[in-house]
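> here is my input; please provide its structure:
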Amino acid sequence: QVQLVESGGGLVQAGGSLRLSCGASGRTFSGYVMGWFRQAPGKEREFVAAIYWSSVTTYYADSVKGRFTISRDTAKSTVYLQMNSLKPEDTADYYCAAKRGIWRRDWHEYDYWGQGTQVTVSS
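So this is what the prediction gives:
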């Protein structure tokens with residue numbers, strides 16, 4: 001049974017940093033792409049960043065490029081999202097997700113999801 005478990009969310013002031021973690025278990029993720037998505041109240045879920053489990057190829061939404069960094073530690077089976085220079089508009093629930101094959105921006109194409117972790121950025 002695949003499990004994705006996020007942690008690391010919280011309340012931070014604008015300009016601050018947080019690091020989210022996503023522990024992945026239940027299968028071999030070789031051949032998968034791991035993504036971070038977020039959903040603010042009243043808004044649709046949106047793509048944030050993604051990384052291939054077996055390579056260092058990464059993708060970012062324009063809104064976070066240069067501020068967020070996605071990485072993974074295959075030995076620990078964990079994906080990270082380092083978030084710097086946080087803005088109030090980054091406030092959302094952040095979700096870790098996995099899909100087999102090539103990267104896609106559309107959250108509907110992801111097969112597995114974590115329960116989410118809340119990030120609140122105060123101004």
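
> tell me the centre residue of this structure?
In the chain, the residue lying closest to the centroid (Cα atoms, centre = their mean) is W36, at 2.2 Å.

> against G9, how distant is that one?
For W36, the distance to G9 equals 12 Å [Cβ to Cβ, to the nearest Å]. Quick note: C-beta positions are derived from backbone N, CA and C, even for glycine.

> mind listing the shared neighbours of those two?
L20, Y94 (Cβ atoms under 8 Å, 6 or more residues apart in numbering).

> in this structure the residue nearest to the centre of the chain contacts Y94, no?
Yes. With contact defined as Cβ atoms under 8 Å, W36 and Y94 form a contacting pair (6.1 Å).

> who touches both of those two?
Listed as contacting both W36 and Y94 by Cβ under 8 Å, 6+ apart are L20, V48, L81.
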